[in-house]
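In: coordinates only, sequence not included:
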């Protein structure tokens, strides 16, 4: 009886020792794995091109440290408020080149409209692509009024020769991207041509309203530079 008991105790002790050794191994393996893993930012869902990212659209995913690329986004705050340049798949690593804060293309609710010259009474000479502008309606029969509550983005400003109106030596867009307010201001004083056409990013509802008000020729647009454009410049040097 004692012999059987001793055998049972020995077997139980061996099993417990094996479990303990395995537990220690598992903990150490997990710790080593954690050291070799890096947390990156990924979309929770499919993100269409032109859609603005919010923190609620993003989450973290762990990948091997050896798989991390230099342009991967590592913190949610780095991508919050940026726009997708290309479609983003759910759970795919978020790369910085796929994001932009100052895109000239319309977002998914907008289209780019060239404003007919007959609709325009005046355009501020200092307006450049990427700026925000405020639209006003002016007519002899009616009092002047602001057309939309919020400024709209300028997609491009063209000369009669269909060239982009800008400073030939220092592009306004480059100054915007570099966050250089001084050069951005200087580029507005010197331009390669006069503004002849202007393209705006508008929603369908905005365009239909503008067209309805202007197509009879009784009212015309006054397009004014918005100081909110400078708020964009304050963040222009940032990277996600």
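Out: Okay, I see it. Keep in mind that this is a model prediction, so the values were computed, not measured. Numbers count the residues shown, from 1 in each chain.
In: which stretches of this protein form helices?
Out: Secondary structure of the chain (DSSP state H): helices located at 2-35, 172-178, 181-189, 204-214, 228-234.
In: worst average pLDDT in those?
Out: Within those, confidence is poorest for helix 2-35, with a mean of 61 (mean pLDDT).
In: tell me who's in contact with residue 39.
Out: By C-beta atoms under 8 Å, 6 or more residues apart in numbering, the residues touching residue 39 are 60-62, 74. (Each C-beta comes from the backbone N, C-alpha and C, glycine too.)
In: domain ranges for this structure?
Out: In terms of domains, the chain is parsed into 1-34, 37-100, 110-234 (source: automatic domain parsing).
In: among the helices and strands of this protein, which has the poorest mean pLDDT?
Out: Lowest by mean pLDDT, DSSP states H and E among the helices and strands of the chain is helix 2-35, with a mean of 61.
In: list the contacts of residue 75.
Out: Per C-beta under 8 Å, 6+ apart, neighbours of residue 75: residue 41.
In: residue boundaries of the strands in the protein?
Out: Ranges of strands within the chain are 37-43, 58-64, 83-84, 99-100, 110-114, 120-123, 132-139, 145-146, 152-158, 197-203, 219-225, based on DSSP state E.
In: could you export these as JSON lines, including mean pLDDT and distance to residue 213?
Out: As requested, the strands of the chain are exported to JSON lines (pLDDT from 0 to 100; distance: least, C-beta to C-beta, whole Å):
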{"stretch": "strand 37-43", "mean pLDDT": "90", "distance to residue 213": "39"}
{"stretch": "strand 58-64", "mean pLDDT": "91", "distance to residue 213": "40"}
{"stretch": "strand 83-84", "mean pLDDT": "80", "distance to residue 213": "29"}
{"stretch": "strand 99-100", "mean pLDDT": "80", "distance to residue 213": "32"}
{"stretch": "strand 110-114", "mean pLDDT": "94", "distance to residue 213": "14"}
{"stretch": "strand 120-123", "mean pLDDT": "95", "distance to residue 213": "12"}
{"stretch": "strand 132-139", "mean pLDDT": "95", "distance to residue 213": "6"}
{"stretch": "strand 145-146", "mean pLDDT": "94", "distance to residue 213": "10"}
{"stretch": "strand 152-158", "mean pLDDT": "92", "distance to residue 213": "15"}
{"stretch": "strand 197-203", "mean pLDDT": "96", "distance to residue 213": "13"}
{"stretch": "strand 219-225", "mean pLDDT": "95", "distance to residue 213": "5"}
